[in-house]
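Visitor: Got a predicted structure plus its sequence, pasted below:
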Protein chains: 2
Amino acid sequence: MGSLKVEDDIVMEKLFEIFRSVGYDGASMSGLAAATGLKKASLYHRFPGGKEEMAHAVLDYIAAWNQSKIVEVLLSSKPAAKRLNVVLDSINELYDGGRLACILRALSHGTAAELFRNEIATIFQTWVAAFTYLANDLGHKPEISERLAESTIIRIQGSLILAQTMQQPGILQSALNDIKTDFLI
Amino acid sequence: MGSLKVEDDIVMEKLFEIFRSVGYDGASMSGLAAATGLKKASLYHRFPGGKEEMAHAVLDYIAAWNQSKIVEVLLSSKPAAKRLNVVLDSINELYDGGRLACILRALSHGTAAELFRNEIATIFQTWVAAFTYLANDLGHKPEISERLAESTIIRIQGSLILAQTMQQPGILQSALNDIKTDFLI
DNA sequence: GTCTATAGCTAGATAGAC
DNA sequence: GTCTATCTAGCTATAGAC
């Protein structure tokens, strides 16, 4: 005991959980320290830039998840309908079936709005591009594909807000089903 | 000069602006005081419960706006299509064409999540009920009407998030147009 | 790499004069 | 009803021992 290093991945997961649940302004160094099991000074050792650097690290972490679980799957060579199902399942899991908020939304408000806007916008663009690609594969016309992709992000974000404030997680599943229906013509 | 009372309506408007733009945790008493033009002690005189009471007051204010600009219009005796247009215009104006965030979302995260969930959920329910009523009037089947109403809230909330992070306010207008199309069969 | 201890500041909140 | 002045608690951030 004492100076046994806490695993980077565990720290990232905990930071991710806190930011997503209380937001950027709602997260305090004390709270982040308690959640990770590290003391404040140790967190500053890993992230000299403090809270802002931690949030950037979490966004990098999410961008990587996004790349492997969404983009690479949607651009793979499996049957298009299969790709869609796998990705929607991953999304459902990411948000624990509608019970958990989206980290991108959590880092979009207050002080965080300007700090992380570019990174978040990039992630959204990546989603739209990947879903557009899938829609094309499924036989939609190009101009329809992009609208469908954008509508997918919109409905996921909107249904998450509603699911959480109404405490009806199923609202996310309904939205994911609607999305599936729209893609499969 | 000195003890000239600042108008209640102006104070409410300013509190509304601050909470919507920086969120609950992002709003400080100093910032709220500066925005309203009052000193902190004066704000506490009007709102002994501090920030929490101010946010409740803002939600009451919004609920009233909602009642007069959304519910009463949707339940009025004008032609149904006309009602829809008027309401969508009001919504577009409320969010300054996609440039401003939704106060309900701003008060849905962090510390605020549990504090105001019931009030926010009630407002959402009011919207769903009113849009459901309109959809029925427009000839949709009852089970379709409620799905359409819920989808309306979802798409407005989702498109606002996207509009602001992408800094493309037009995303809201596109969503409102899609909504209009869906209602008018 | 982790810790204890602490500096310096700003938060929310109150007392009391006018 | 508004103000100045102030309190305490919590915040971000750092110094320095192990």
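Guide: Arrived safely. Numbers count the residues shown, from 1 in each chain, chains lettered A, B, ... in the order given.

Visitor: now chain A, which segments are flagged as low pLDDT?
Guide: Within chain A, the segments meeting pLDDT under 70 span A:1-4.

Visitor: try 50 this time
Guide: A:1-2 (pLDDT under 50).

Visitor: Near DNA strand D, which residues of it? Just list them.
Guide: Taking C-beta under 7 Å from any atom of the strand as the test, the list of chain A residues beside DNA strand D reads A:Ser3, A:Ala27, A:Ser28, A:Met29, A:Ser30, A:Gly31, A:Lys40, A:Ala41, A:Tyr44, A:Pro48, A:Gly50, A:Lys51. Every C-beta, even on glycine, is put in place using the N, C-alpha and C of the backbone.

Visitor: Out of those, which comes closest to DNA strand C?
Guide: Checking the residues of chain A next to DNA strand D against DNA strand C with C-beta to the nearest atom of the strand, the nearest one is A:Ala41 at 2.8 Å.

Visitor: Count the residues that sit near that closest one.
Guide: As a burial measure, A:Ala41 scores 9 neighbours (other C-beta atoms under 10 Å in any protein chain shown).

Visitor: Check A:Gln167 too.
Guide: Neighbour count of A:Gln167, defined by other C-beta under 10 Å: 11.

Visitor: How about the contacts made by it?
Guide: For A:Gln167, the contact set (C-beta atoms under 8 Å, 6 or more residues apart in numbering or on different chains) comprises B:Arg117, B:Ala121.

Visitor: before we move on, what SS does it have?
Guide: coil (DSSP: H, G, I helix; E, B strand; the rest coil).

Visitor: tell me, which helix in chain A spans the most residues?
Guide: helix A:112-137 (DSSP state H).

Visitor: Considering the residues of chain A next to DNA strand D, which possesses the most neighbours?
Guide: Counting neighbours by other C-beta under 10 Å, A:Ala27 comes out on top of the residues of chain A next to DNA strand D with 24 neighbours.

Visitor: Give the buried residues for stretch A:31-41.
Guide: Neighbour-count burial for stretch A:31-41, counted by 16 or more other C-beta atoms under 10 Å in any protein chain shown, picks out A:Leu32, A:Ala33, A:Ala35, A:Thr36, A:Leu38.

Visitor: Helix, strand, or coil at A:Ser77?
Guide: coil.

Visitor: related to what we said a few turns ago, could you export the buried residues of stretch A:31-41 as CSV, including secondary structure?
Guide: Output for these, formatted as CSV (three-state DSSP):
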residue, secondary structure
A:Leu32, helix
A:Ala33, helix
A:Ala35, helix
A:Thr36, helix
A:Leu38, coil
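
Visitor: closest to DNA strand C among these?
Guide: Nearest to DNA strand C, judged by C-beta to the nearest atom of the strand, of these is A:Leu38 at 4.3 Å.

Visitor: Assess the claim that the closest one and A:Asp8 are in contact.
Guide: No: using C-beta atoms under 8 Å, A:Leu38 is not in contact with A:Asp8; the gap is 11.4 Å.

Visitor: which SSE is A:Phe19 in?
Guide: Taking DSSP states H and E as the criterion, A:Phe19 maps to helix A:8-22.

Visitor: List of residues touching that helix?
Guide: A:27, A:31-32, A:35-38, A:46, A:54-55, A:57-58, A:61-62, A:100-103, A:106-107, B:25, B:109-111.

Visitor: and the closest residue to A:Gln157 other than its chain neighbours, how many neighbours does it have?
Guide: Residue nearest to A:Gln157 in three dimensions, not counting chain neighbours: B:Gly158, with 4.1 Å by C-beta to C-beta, 6 or more residues apart in numbering or on different chains. Neighbours of B:Gly158 under the rule other C-beta under 10 Å: 28.

Visitor: can you check A:Asn177 too?
Guide: The number of residues packed around A:Asn177, counting by other C-beta under 10 Å, is 11.
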